[in-house]
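Engineer: Sequence and predicted structure below; questions after.
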Amino acid sequence: MTLSPAAQAILDRYSDGTAEVSWLWESMVAEAVLRHGGPADAEALLPLFLAAPAAHDALVPVLARHGDRRLAERLLEATVEGGRLREGVPSGVLHAVGRLGYTPATSLLWEHVDDSYDVSKDACLGLSHLPCEELRGAITESLEKHEGAALFPEFLPVLATKTQDPGWLDRLVAWGGNHASTDCNGGLILGIALHGEQARPAFTRLLWDTRWDACDRGTGSALWTYASTRVLGLDLPQLYADLRELVRTGADPDVRRDAVRSFLTLVEFRCAEPWTGVAAAEARLESSDTLYHLLFAQPSEDGDTLTELADRVFEKDEHYSGAVRALEDSLRTEAAHEWALRAVTSR
């Protein structure tokens with residue numbers, strides 16, 4: 001199979017063994033492989049990663065998205081010793097083998113759940129892609145041990161659906177709404193969303209609830225809130241309609257301002273399409289062209305543009321006006337790139 005140009009470029013840079021390759025360059029090109037590559041790229045890049053895992057951590061998402069179970073098996077064989085990741089191996093490997101559906105790794109991932117923050121996060125996200133039938137009791141016990149705490153292994157709640165107990169949906173909502181620190185609720189938000197369609201009402205409420213700070217970038221929750229909207233199929237046009245209604249009817253200016261800030265953050269993530277590694281969150285629910293037209297180019301009689309809405313809510317505060325202009329430029333560029341890609345692929 002033919003390699004993508006980006007994957008070939010990475011391999012070419014290392015082919016003579018003397019070229020200096022910056023991590024920034026490699027991570028940039030690896031993102032192109034992540035978006036537009038395929039299985040052949042994962043196979044070709046695996047030996048490069050295994051030769052120096054810490055230096056090539058930017059390749060882990062490529063392996064996770066484009067690899068298969070056989071690749072996951074080889075990945076574990078080379079990076080695990082004595083039931084633990086070898087020193088210098090990025091914890092994203094745990095996430096990758098789980099995402100690739102490699103069930104023999106289940107117990108290994110569970111052993112890493114109570115580890116450091118990043119290791120625990122990657123172990124939990126990896127397990128979220130596996131059946132975990134043999135862990136049902138252990139997951140229940142661990143969730144109950146931490147339930148109601150302000151701080152806990154942040155991504156443990158993404159495993160709540162593995163218990164097969166639908167009652168955990170309401171329990172996660174109560175935990176996040178009444179007890180959990182907003183510094184530690186990203187996993188609760190995603191765990192709620194992973195309950196599927198029945199979680200939509202609860203998720204929509206917490207999205208606009210200031211107590212959750214669901215779109216706060218500082219705490220890290222914003223990324224997982226964005227992923228959760230994708231998991232639940234809540235596209236941005238739907239959320240924009242909700243936002244306009246909230247702004248129209250909301251009496252509290254702080255609530256309105258927080259809601260607009262939250263929506264701006266979600267659109268920023270939509271433009272950037274950051275890697276979350278959550279397979280269920282990767283559907284692109286709306287085209288950039290549709291979104292650009294809705295938010296910035298629709299005739300005024302059809303409703304507020306995002307610029308008009310933000311100016312009204314923030315009283316033309318220059319900080320937010322500038323942020324909206326930057327977002328408009330980003331979305332316009334993304335829409336143009338989308339049309340260019342369609343033109344190339346249609347030939």
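Structural biologist: Perfect, I can see it now. Numbers count the residues shown, from 1 in each chain.
Engineer: can you give me the helices for the stretch 201-347 of the chain?
Structural biologist: Along the stretch 201-347 of the chain, the segments classed as helices by DSSP state H, counting those that start in this stretch run 221-231, 236-249, 253-272, 288-292, 306-314, 318-345.
Engineer: got the contact list for the closest residue to residue 113 other than its chain neighbours?
Structural biologist: The shortest distance from residue 113 to any residue other than its chain neighbours is 5.0 Å, reached at residue 123 (Cβ to Cβ, 6 or more residues apart in numbering). Using the backbone N, CA and C atoms, a C-beta is placed for each residue, glycine as well. With contact taken as Cβ atoms under 8 Å, 6 or more residues apart in numbering, residue 123 is in contact with 91, 94, 95, 98, 109, 110, 111, 112, 113, 115.
Engineer: And residue 276, by the same measure?
Structural biologist: Contacts were defined as Cβ under 8 Å, 6+ apart; by that measure residue 276 touches 223, 224, 226, 227.
Engineer: Who wins on neighbours among those?
Structural biologist: The most crowded member of these, judged by other Cβ atoms under 10 Å, is residue 224 (26 neighbours).
Engineer: What residues does it make contact with?
Structural biologist: In this structure, residue 224 makes contact with 186, 187, 189, 190, 276, judged by Cβ under 8 Å, 6+ apart.
Engineer: Which residue would you name as the spatial centre of this structure?
Structural biologist: Most central residue of the chain, judged by C-alpha distance to the mean C-alpha position with Cα atoms, centre = their mean, is residue 276 at 2.8 Å.
Engineer: how near is it to residue 83?
Structural biologist: Using Cβ to Cβ, to the nearest Å, we find residue 276 at a distance of 27 Å from residue 83.
Engineer: mind putting the contacts of residue 123 in a markdown table, neighbour count, pLDDT and secondary structure included?
Structural biologist: Written out in a markdown table, the entries for those read as follows (neighbours: other Cβ atoms under 10 Å; pLDDT from 0 to 100; DSSP: H, G, I helix; E, B strand; the rest coil):
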| residue | neighbour count | pLDDT | secondary structure |
| --- | --- | --- | --- |
| 91 | 21 | 98 | coil |
| 94 | 32 | 98 | helix |
| 95 | 27 | 98 | helix |
| 98 | 28 | 98 | helix |
| 109 | 24 | 98 | helix |
| 110 | 21 | 98 | helix |
| 111 | 13 | 96 | helix |
| 112 | 21 | 97 | coil |
| 113 | 23 | 98 | coil |
| 115 | 17 | 96 | coil |
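Engineer: And the residues you listed, which is closest to residue 344?
Structural biologist: Within the contacts of residue 123, proximity to residue 344 (Cβ to Cβ) peaks at residue 95, which comes in at 31.5 Å.
Engineer: so what's the closest one up against?
Structural biologist: So, once contact is read as Cβ under 8 Å, 6+ apart, residue 95 ends up touching 60, 64, 121, 122, 123, 125, 126, 277.
Engineer: Near the residue nearest to it when sequence neighbours are not counted, how many other residues are there?
Structural biologist: In space, residue 95 comes closest to residue 122 once its chain neighbours are excluded; the distance is 4.1 Å by Cβ to Cβ, 6+ apart. Neighbourhood size, residue 122 [other Cβ under 10 Å]: 27.
Engineer: I figured residue 122 hits residue 94, correct?
Structural biologist: Yes. Under the criterion of Cβ atoms under 8 Å, residue 122 makes contact with residue 94 at 4.4 Å.
Engineer: Now do the buried residues in stretch 44-57.
Structural biologist: For stretch 44-57, burial by neighbour count (16 or more other Cβ atoms under 10 Å) applies to 44, 45, 46, 48, 49, 50, 53, 56, 57.
Engineer: And the contacts of the helix or strand encompassing the third one?
Structural biologist: Assigning secondary structure by DSSP states H and E places residue 46 in helix 39-51. Outside helix 39-51, the residues within contact range by Cβ under 8 Å, 6+ apart are 1-4, 6-7, 10-11, 14, 33, 56, 59-60, 62-63, 65-68, 71, 74-75, 78-79.
Engineer: Fine, thanks again, bye for now.
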